[in-house]
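Participant: Provided below for reference: sequence and predicted model.
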Amino acid sequence: MGQLIKVCKALTIAGSDSGGGAGIQADLKTFQEFGVYGMSVITAVTAQNTTGVQGVYPVPLEGLEQQLESIGNDLTPDALKTGMLFSGEYIERIAFYIKKFSWKNIVVDPVMIAKGGAELLGVEALEAMQKHMLPLAKVVTPNIPEAEALTGIKIDTAESKVEAARVLFDQGAEYVVIKGGHMDEEGIVTDFIYDGEGILELTDKRVDTKNTHGTGCTFSAALTAELAYGKTVESAIEQAKKYIQTAIEHGIDVGSGHGPVNHFAFRRIGHE
Ligand SMILES: Nc1ncnc2c1ncn2[C@@H]1O[C@H](COP(=O)(O)OP(=O)(O)OP(=O)(O)O)[C@@H](O)[C@H]1O
Ligand SMILES: Cc1ncc(CO)c(N)n1
C-alpha cells in the first residue's frame, strides 16, 4: 500500500517563461527545492530566453478565472505569491478570487519590466496593483524601479528608500522588502525591510555575474515557500536571501544572454 504524505502547499500566480529561468518555472523549481508542493495559475505565456522577451500572450480572462476556481475548489494553498499579472483587469479578478477563497500568506512581487526592458505589466495597471493587491499583501517585494513606480518617489538616498517603504506600507502591505539588486552599491547588495515600525537591512556580497535572470522571482518564491511552512516573515526573508545568494553564486551556464540562477545549488552544497 502506498502512503500518502501531508505536505505544505504553495501557489504561484504569474507568467510562464519559456526559457525556464523566471516566472512560473522559477517559482515551481524553487518550491520543489524547499520541499513544498507547488501549484500554478498562469496569467500569460511569454516567448522568452536568456536574450530577452520575444512575445507575450495573455491567457484569456475566462481561463485565468477557471484556474483560480479549480485551485480554490479543491486545494488550499498555505501561501501564495503573485508575479507577472499582465493587466489591471487581471489584477482585479485575481484579488477577487484571493478574497473569495480567503487565501492568506500572500507575497506580492510587483513584476513590471523584464531585464532588457520588455513590459510585463502595463502602466495603466499601477493603480490596480495599489488598490487591489497591496492591501492583500503580507509582503510586497519590489525592486528599486518598481518601488519608484508604485510610490512616485525617486530612490537615490537612504531617506528616499525609507519614505518609499512607508508609502508602500500605507498602501496596505504588512511588510515591505525593497530589493537592492538595481542599486549601485560597491561590492554589496542590500535588501531593505520595513514593517511599519522597524527597519532591517540584509546585506550580502554582490556577485559579479551576468546570470541574474529570475533573481526576483526566485527570491519571492523562496520567501513564499518558507511562509507556507508557517515561518515568521523575518525568518522567511532571511532564508530567501540565503537561497538567492547561493543560486546567484552558482549561476547556470545556458544561453548566450542573462542566464538563469541555480535553483538547486542551495541544497546540493549542504544548506538545510
Ligand atoms: N549581483 C547580485 N549579487 C547578489 N545578490 C543579488 C544580485 N542581484 C540581485 N541580488 C539579490 O537578488 C534578489 C532579487 O533582487 P533584484 O533587485 O535583482 O530583483 P528583480 O529586479 O526583481 O529581479 P528580476 O526582475 O530579474 O527577477 C534580492 O535579494 C537581491 O539582493
Ligand atoms: C514571466 C516572467 N515573469 C517575471 C519576469 C521578471 O524576471 C520575467 N522575465 N518573466
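Facilitator: Ah, there it is. Residues are numbered from 1 along each chain as shown. Ligands and ions are numbered 1, 2, ... in the order given.

Participant: what's Gly23 in contact with, if anything?
Facilitator: 14-17, 46, 48, 83-84, 214, 217 (CB atoms under 8 Å, 6 or more residues apart in numbering). C-beta here means a position set from N, CA and C on the backbone, and glycine is covered the same way.

Participant: Just the ones of these in helices?
Facilitator: Among the contacts of Gly23, the members found in helices (DSSP state H) are Cys217.

Participant: Which members of the contacts of Gly23 are classed as buried?
Facilitator: 14-17, 46, 48, 83-84, 214, 217 (16 or more other CB atoms under 10 Å).

Participant: Secondary structure element holding the closest residue to Val261 other than its chain neighbours?
Facilitator: Sequence neighbours aside, Ala247 is the residue nearest to Val261 in space, at 3.9 Å (criterion: CB to CB, 6 or more residues apart in numbering). Element membership for Ala247 (DSSP states H and E) is helix 233-249.

Participant: Could you do Pro145 as well?
Facilitator: helix 144-151.

Participant: what about that helix, distance to the chain center?
Facilitator: 15 Å (CA atoms, centre = their mean, to the nearest Å).

Participant: What's the end-to-end length of stretch 128-145?
Facilitator: With CA to CA, to the nearest Å as the measure, the first residue of stretch 128-145 is 17 Å from its last.

Participant: can that stretch be found next to ligand 1?
Facilitator: Yes: Stretch 128-145 lies within reach of ligand 1 by CB under 6 Å from any ligand atom, at Asn143.

Participant: Show me which positions of that stretch end up buried.
Facilitator: 128-130, 132-134, 136-144.

Participant: Closest one to Ile193 out of those, please.
Facilitator: Comparing the buried residues of stretch 128-145 against Ile193 with CB to CB places Val139 closest, at 8.8 Å.
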